[in-house]
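K.L.:
show me the folded form of this:
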Amino acid sequence: MALVDARMPRMDGVELITRLAAKHPAVAAIVLSTFDEDEYIFGALRGGAVGYLLKDCSPDELVAAVLRASRGETVLSSPVAARLVANLRRTPARGAFSGEDLLSGRELEVARMVAAGAANREIATRLHITEGTVKNHVSSVLRKLGLRDRTQLALRLTERRS
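P.N.:
Numbering: from 1, shown residues only. Predicted coordinates for the structure are as follows:
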């Protein structure tokens, strides 16, 4: 078993879990973190984590999760499970636009709002996040999709709908 934090000084938890799963697949990794952001949750699970718990879980919940994970079960705290279900419900079927599978649920939300012409402040207000977080998501989306700017992003999303 490995309990891993999502954010660590020299290497983030997602990278550690990905390396751990590749080199030591028998080690079950659970993320124990204060961060319930899509990027961490889905990155860790894609990387090979068998669970994701928030640090506000009780000691009894943590012990039970470790025991379940050691038996091969997946363990998710209730808020994380809710985010996972919400993400599945809001994400359209694959193929909606090229590159969709590269984006987290939150990045996809932000990308769609950019395509609809929303400004960073408006996106931040609607999603209850800071403008800085919106800027980070937009930058990440542009990088992942190999685009130069918001205009290219908007065109990419709207041309796939028509």
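K.L.:
any idea how far residue 121 lies from residue 47?
P.N.:
From residue 121 across to residue 47, the span is 33 Å (CB to CB, to the nearest Å). Yep, even glycine has a C-beta here, placed from its N, CA and C like the rest.
K.L.:
ranges for the helices of this protein?
P.N.:
Counting by DSSP state H, residue ranges of the helices within the chain are 13-23, 38-47, 59-70, 78-90, 105-115, 120-127, 131-145, 150-161.
K.L.:
centre of the chain to the fifth one, how far?
P.N.:
Helix 105-115 sits 13 Å away from the centroid of its parent chain (CA atoms, centre = their mean, to the nearest Å).
K.L.:
for residue 75, give me the pLDDT.
P.N.:
Residue 75 is assigned a pLDDT of 91 by the prediction.
K.L.:
please apply the same query to residue 52.
P.N.:
At residue 52 the predicted local distance difference test score is 93.
K.L.:
what residues are up against it?
P.N.:
30-31, 33, 40-41, 44-45, 75-77, 80 (CB atoms under 8 Å, 6 or more residues apart in numbering).
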